[in-house]
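J.: with the sequence up front, the predicted model follows.
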Amino acid sequence: MPDVNILIGPYRSGKTDLLLSELVDSATPGPDPNLSGGLRNTTSHLIVPSSRYRKLADERIYSRLRKHMAENKNGASGLLGIKVDNFYNLCGQILKRSGTTFKLIPDTVRAAIVARAMNKLRAAGELVNLAPLADFKGTYGSVLELIDEFQRAGLSPDDVLSRLNKSASRSSKHVELARIYKRYWHELDEIGFLDSRRLAFSCREHLAARRDGDKLFGFVGVDGFDRFNRLQLDVLREISRFSENLTICFDYLKDIDSAAERQEYIWKESSFQDLISTFKDANLRWVQAPAATPATVSSIRAVDRYLEMEEVARSVKRSIVEDAVPPEDILLVVPNMRKYRSAIEAAFDDAGLPYFVDEAVALPSVPVVQFLFKLLTLFADEFSRGAVIAVLSNDHIKEDACSHLCRALGKVDDLSLDADLIGTRKQWMALNLDKPVLEDLESFFDALTPPEGMVPLTEFVSWAEDVVYRFLKPAEDIDHGDQFKEWLEDRALTEFRNCLGSLVQEDIVLNGGESGISMEYPEFIKHLEHVMEQSNFRSTSVYKKPVTICSVDLAPNRKFARVYLGGMVEGEFPRRAKARGFVSSDEIRLWSSYEGIDIDNPRLHPAFEYGLFQSLLKRAVEKVELTLPMWDMAGDEILPSFFITGGGLELAKEEVAPYRNSAARPFSLKDFTVGATALGVKADRLREYRNPEIIDLVEGIADQHAMLIARLSGLSESNYNGCLTEQVSLGTLSVNMPEYWSATRLNEYGKCPFRYWVGQVMKLDRHEEPTLEIEPRLLGQTYHKALELFYQRIIDAKLDGIMADIERSRALFKESVDEALTWLETESRVKDNQFWHYLKIEMEFRLNRFLEHELERESKAKIKFVPYRVEAPFGISTESGSQAPALVIADGDTKVAIRGFIDRIDIEQGSEFQSGSRPRLRVVDYKAGSSYISSAEAVAGRNLQMPIYMLAAEECVLMGSQPLEGVYLSISSGKSIGRVDFGDSDKRIAVEEAVRGHAIDFVRSIKRGDFSVTPNGSSVCDSCRHSLVCRISEVNKG
C-alpha cells in the first residue's frame, strides 16, 4: 500500500519546514540495508506549482543543506538525486523514463490551433451559435481558457460530450464548445503534438497501465499549491503507487469555530474534500501553528497615491535604520501595480532604499522594442513624416547605416514640415535635399520595404532580422547610464528575437514540420504584434537583499518582519469580479448544471479575496501597515476598502496631511527641504543648516516653490498666473500693441486673457502632423468662398433676392460650389486622399442644405432683404484701391481701430442709398459650427464680432445706413444659430455700450500686461486649445 502523508494546517504553520526536513533526510547519502556496503535509493522529488515558487523552495533547501553540513562536519555532505520541478515537467520526465517520446506544443501556438479547429467546424456547418464570434479578437483565447478548465478537471472531449448528450440540446452553445474541444485534440493529434495538460493526461494513462511494482521515486513532496484540480490529483494518486513516500502539504483548518477563519478558508473547501477523497487511506497529519503574538495592524491614509507611497517609504526607512529590520525582511504589496509603479519608484528612489519591484516586464513597454516595431511598421504607415523623423532621431538608430541622412536630420525635419509632407516615398523623394542625403533616404526606404505579395512567413522573418541587424545600434555603443537599463534592453532584445523565432516555430508546428504559411505584410505585422503583446519576462534586482515589492497575487509565501499593504481601496482590493468570457462565474455555474461536468475554479469563490487578504496579514511577524489614498489623480474621492471599514480588524487609523512628516521624520534631505518649505520655513532659515545639499535644494526649488505657492493660493493676479502688470509698469517688459485690431483678437481676450497671451502674442499652438484630412481652416475657407461667389453672382445678376428666380439661383449656386471645390483641389492635396470623392459629396450636401434653409428663411421673412455686399472690407485696402475706414472706438487717451471683412451685408428690399435716406441693413456672419450664439455673449465680452460688424457697416462701409439685425448662420447645419437685435433701441444701446466698453477695457488691460488665467465663463475652457499649458485647475475659482 502506498505510503501517503497529507500535512494539513493553517498558513505558514511549519508544514513546509517538516516536508523539506523529510526531503533532505531522504536525499542524504547513507547505507542501504538491502545492499551490501551500498547506498540507499536517494531519488527524491519536490513538486511545486511554478518557477517562482521553485526559486523560493531552492533557497530554503540550500539553507537547510548549509545547516545540515554545519551539524555533520565529519559525515557525508551534500544531497543525492533531489529534483525540484513543476507538475507538468515531472509528467514529461515520467513519460521520457518509460521510453515514450512526445513533442510539446508552445503555448503561443495553441490559440492558432483553436482557430484552426473553429474554422473547420464553421466550414462544416457545426458552429451556429458561435460562428458570429469566431472572428472577434480574444475569442480564441477565451475558448482556450475553457479548454484548459476542462483539462484541469480531468475531462477528455468524449467525457464532456457524453455528459452533455444526456441533458443538453444538440444546438446549444455548450455542445458547440465541446465540439471545439474535441476538434482541438484532433488537430493536436494531426500534427503530433501535446499541450502541457494533455501531457498530464498521457502520464496518468501510462502510470495507470503499469502493472509492475518497481518504484520510480523515493520520496516525493508536493508543496506550494493553494488548490488542486482533478487532473493533478489523479496523476499524484498514480505517482503514489510508484513512490516510497508521497507527502502533500495543504493549507487548511479543521473544525473551524471562528467565523472569520471559516471565511478565510472556505474557498479551499472543495480542493480539500477532493484531496482527502482521492487519498482515502492517507495519513492526515494536522500541523498546529506555533503560538505567536499577532502582528500589530495600523492604517495610514494620505492625500494621493504618491504621498501614500512617500509615507510607506518613510516607515520602511525607519524600520531599517532605527529598528534594524533587514530590507529583505520587508514586503510591500499593492493590488494594482500599474497604478502604483511610478509612485513607488519616485518615493523609494528619493529615500535611497534598496528595493525590487517583482513584476513581469511587458515586452512592448521596453524602448528598444518600441523602436524596432516602429522601424518594421514604417512601410505600413506609408513612411509618415512623424514616424520617420521619430525613428531617425531615436537613440537606438545606427547612424552608420544612413550617416548623411542622420547628420542632415534637422534640415529634413524642417523642409518636410514646411512642405506639409504627410508621407509616402514619393513625397519624401521630392524634397529639395542634397544628393547624398536623398541617396541615404532612398536606401533607408528600400531596406524597410518588405517582400511584396503573398510570401512564406519565414521570408518576412528573415527581412525583419536583416532590418534589426542593419539599423539597430550595438548595445556597447549606447550609453544607458546604469547597468540595469543595459540588462533590461539586452534581455528585451533577446525576447524580441524569440518572438520572431516563435513565428517560425508556429509556422513549422502548424504545417507538420515544414514552413508552409504564406501571407502578406500586414498579416505578418499583425502576427508579430500579437506575439509581442503576449510576451513578458521577469525583471531582476539591482540589489542583493532588497525590499520586496509586488502585486498581491505574487507575494512570496513566507514570513516577513513587516508587511505593507498599499492601495486598500474599495473596488481595487477586494477586486471587482470580472467576466472572463467562457469561464466566468455564471458560465461555470451553467456547466455545473450538467451532471458530471465540474470545472469549478476555487479562485472564483467570493471568499477568495478575503482569504488572500488574511494570508497577507499573517505573513507579518511584527507589524502590518494598511495604506490608501484619499483622492485619485482625477480629483475624485476614494472609498476605503471594506477590509478596513468592515469592522473585522482592530487597528489604529491615521490621516497624514501633505508634508507633515517630511520635516519631522524626513527620509532624505530633499524630503526634509521640500517638506519644511511647504510648511512655511523660509529659505534663510534653511540656509542656516550650512549643508551644501540643502542649500542647493533651496536654491533649486526657489522659483518653482514661488510659482506653486502663487498658484495654489489662487492669486489670479500673480505673474505666475499670467499677470505681468508689475513688470510692464517697471519697464522690464513691454507689450507691442498692433495698429489695427480684429474682432477675433478682441474675442480671444474677452474669453480669457491667458488664452490671448498664448495664442495671439506668443503664437503658440499644439503641433499637429500634416495629414490628408482637410484642415478646418481650409474647409471653412472653401465654404466661405462658395457662398461669396454665389451671392456675388446674385448681386451681379441684379436679382431681387434668391427667391426672385429660384431655378437661376440654383444654377448659380451649383457654379459657385463647383468653382470653390476646384479651388480647394488646387490649393491643397485633397485629391491624394483616397476618400476625397466621399468628402466632396459631403461638402456639396452641406452647401446644398444651406441653400435650402436660405430659401426657406427668405420665404418666411416678414422684412425682405436682398444681398448687397459680400466680403465687405473696412480698414483694409482692396484691389480697386477703394477703402472703407476702420471702425474707431475711443475713450480718453485710448483709441481702438478695428478692421476686418464682413461676410455679407443685405439691404432691405426696395431700399436705395439716397440723400437723407437711412436704408435698413442685415449683417450676416457664417460659422462652421452649430453652437448657439446669443447677444448675451457680446454683453459678457466673449463674442464682440457681430456688434462690431454691425457698427462697421453703419459707420464705415455704408455710412448712413441703419443696421436692423445681425444673424449667425451655421454652414454645417444651414440653420440660424444666433441673432443680435439693433431694431429695438433699448437693446441696441445695451449691446453697443457693452461692446464699446469691452473693446476699450480689453486694449487697456493688454497694454498693462494683464494676461491672467481668468476665463470668462465656465464653457470657455471647453474649446480652448491651450489646456496643456494652462493652470486653471490651480487657480482659486471662488
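T.: Arrived safely, thanks for sending.
J.: ok, longest helix in the chain?
T.: Criterion DSSP state H: the longest helix present in the chain is helix 483-510.
J.: could you list every helix and strand in contact with that one?
T.: Judged by 3 or more C-beta pairs under 8 Å, 6 or more residues apart in numbering; DSSP states H and E, helix 483-510 is in contact with helix 107-123, helix 367-376, helix 457-471, helix 521-533, strand 536-538. For every residue, glycine as well, the C-beta is placed using N, CA and C.
J.: so what are the sheet partners of the shortest one and their directions?
T.: It stands for strand 536-538. Each strand pairing with strand 536-538, determined using DSSP bridges, is listed with its direction: strand 360-362 (antiparallel).
J.: need the contact list for residue 60.
T.: Contact partners of residue 60, counting by C-beta atoms under 8 Å, 6 or more residues apart in numbering, are 16, 20.
J.: just send the helices and strands packed on helix 483-510 back as a markdown table, with mean neighbour count too.
T.: As requested, those are exported to a markdown table (neighbours: other C-beta atoms under 10 Å):
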| stretch | mean neighbour count |
| --- | --- |
| helix 107-123 | 19 |
| helix 367-376 | 20 |
| helix 457-471 | 17 |
| helix 521-533 | 17 |
| strand 536-538 | 15 |
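J.: what about the stretch 1-150 of the chain, any weak spots by pLDDT?
T.: When the per-residue scores of the stretch 1-150 of the chain are filtered using pLDDT under 70, the ranges that remain are 1, 29-42, 72-80.
J.: show me where it has its strands.
T.: In order along the chain, the stretch 1-150 of the chain carries the following strands (DSSP state E, counting those that start in this stretch): 4-9, 44-48, 82-86.
J.: now do the second one: which elements does it pack against?
T.: In this structure, strand 44-48 packs against helix 15-27, helix 51-71, strand 82-86, helix 87-97, strand 217-222, with contacts taken as 3+ C-beta pairs under 8 Å, 6+ apart.
J.: from those, which stretch is densest packed?
T.: Of the helices and strands packed on strand 44-48, the one with the most neighbours on average (mean count of other C-beta atoms under 10 Å) is strand 217-222, at a mean of 24.
J.: the domain parsing of this protein - what is it?
T.: Residue ranges of the domains in the chain are recorded as 4-101+202-286, 107-193, 296-359+541-572+616-658, 365-538, 661-712, 770-860, according to automatic domain parsing.
J.: and the fourth one, what's its mean pLDDT?
T.: Across domain 365-538, the average pLDDT comes to 91.
J.: start to end distance for that domain?
T.: Chord length of domain 365-538, first to last residue, is 13 Å (C-alpha to C-alpha, to the nearest Å).
J.: can you check the last one too?
T.: From its first residue to its last, domain 770-860 covers 44 Å (C-alpha to C-alpha).
J.: I'd like the domains of the chain laid out as TSV, including distance to residue 734.
T.: Compiled in TSV, the domains of the chain are given as follows (distance: least, C-beta to C-beta, whole Å):
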stretch	distance to residue 734
domain 4-101+202-286	66
domain 107-193	59
domain 296-359+541-572+616-658	39
domain 365-538	30
domain 661-712	23
domain 770-860	31
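J.: nearest approach to residue 1005 belongs to which of those?
T.: Closest to residue 1005 of the domains of the chain is domain 661-712 (C-beta to C-beta; 19.5 Å).
J.: picking up where we left off before, helix or strand right after the longest helix of the chain?
T.: Next helix or strand after helix 483-510 toward the C-terminus (DSSP states H and E): strand 518-519.
J.: helices or strands next to that following strand in the packing?
T.: Helices and strands in packing contact with strand 518-519 are listed as strand 455-456, helix 457-471; criterion 3+ C-beta pairs under 8 Å, 6+ apart.
J.: so for residue 384, which of these sits nearest?
T.: Relative to residue 384, the nearest member of these by C-beta to C-beta is helix 457-471, separated by 17.4 Å.
J.: coming back round to it: now tabulate the helices and strands packed on helix 483-510 in JSON lines and tack on distance to residue 339.
T.: As requested, the helices and strands packed on helix 483-510 are arranged in JSON lines below (distance: least, C-beta to C-beta, whole Å):
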{"stretch": "helix 107-123", "distance to residue 339": "28"}
{"stretch": "helix 367-376", "distance to residue 339": "22"}
{"stretch": "helix 457-471", "distance to residue 339": "34"}
{"stretch": "helix 521-533", "distance to residue 339": "20"}
{"stretch": "strand 536-538", "distance to residue 339": "18"}
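J.: flag the shaky bits of the stretch 801-950 of the chain, pLDDT-wise.
T.: Under the criterion pLDDT under 70, the flagged ranges of the stretch 801-950 of the chain are 879-882, 914-916.
J.: mind listing the strands for it?
T.: Using DSSP E, counting those that start in this stretch, the strands assigned to the stretch 801-950 of the chain run over residues 865-874, 887-891, 894-898, 900-908, 920-927.
J.: stretch 322-338: how far from the chain's middle?
T.: 27 Å (C-alpha atoms, centre = their mean, to the nearest Å).
J.: ignore the last one, stretch 534-544
T.: Centre-to-centre, stretch 534-544 and its host chain are 21 Å apart (C-alpha atoms, centre = their mean).
J.: next: stretch 931-941.
T.: A distance of 40 Å separates the centroid of the chain from that of stretch 931-941, by C-alpha atoms, centre = their mean.
J.: same deal with stretch 1012-1029?
T.: How far stretch 1012-1029 lies from its chain's middle: 26 Å, per C-alpha atoms, centre = their mean.
J.: how about stretch 316-326?
T.: On the basis of C-alpha atoms, centre = their mean, stretch 316-326 is displaced by 36 Å from the centre of the chain it belongs to.
J.: please tell me how far the residue minimising distance to the centre of the chain sits from residue 359.
T.: Centre of the chain computed as the mean C-alpha position; nearest residue by C-alpha atoms, centre = their mean is residue 338, 9.3 Å away. Taking C-beta to C-beta, to the nearest Å as the measure, residue 338 and residue 359 are separated by 9 Å.
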